[in-house]
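> okay, sequence plus prediction incoming.
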Amino acid sequence: MKKLLLSVLCIVLMSCDSDKTTAKLELNSMQCLMCSYGIEKTILEMRGVKKANIDLRSKSGSVIFNAGVIDLSKIEDRIVSMGYSVNGKKANPEAYDRLELCCKKPKEN
């Protein structure tokens with residue numbers, strides 16, 4: 001009986017883990033540590049997101065999420081609504097205008 005219960009428990013635990021999806025994020029408009037911290041914090045607050053890692057130096061990141069709860073486009077849309085471009089999606093212009101000066105791309109002369 002113990003073996004049967006243990007087997008069922010293992011199967012249930014493995015099936016819960018199978019919905020995890022890892023995706024890459026290209027964050028070319030990110031400029032400073034405040035940007036990377038804010039993006040990571042916002043992503044981690046989303047339901048279904050398990051882990052997020054944003055790297056300022058490479059202007060990229062990765063996110064692990066439960067695909068049964070949330071999809072990548074919703075994560076991208078949240079980042080866009082913050083004022084940042086991600087994976088080829090353009091930043092929301094109004095949100096970009098509200099960013100701190102250090103978070104904006106330097107203007108080319």
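Right, received. Where do you want to start?
> count of neighbours near the nearest residue to Cys32 once chain neighbours are set aside?
Leaving aside its sequence neighbours, Cys32 sits nearest to Cys102 (C-beta to C-beta, 6 or more residues apart in numbering; 4.7 Å). C-beta coordinates here come from the backbone N, C-alpha and C atoms, glycine included. Cys102 has 10 neighbours, counted by other C-beta atoms under 10 Å.
> surely Cys102 touches Met30?
No - checked against C-beta atoms under 8 Å, the pair Cys102 and Met30 is beyond contact range at 11.1 Å.
> this protein: strands as residue ranges?
For the chain, the strands defined by DSSP state E cover 20-26, 49-55, 60-66.
> now for the second one, which elements pack on it?
Helices and strands touching strand 49-55, by 3 or more C-beta pairs under 8 Å, 6 or more residues apart in numbering; DSSP states H and E, are helix 33-44, strand 60-66.
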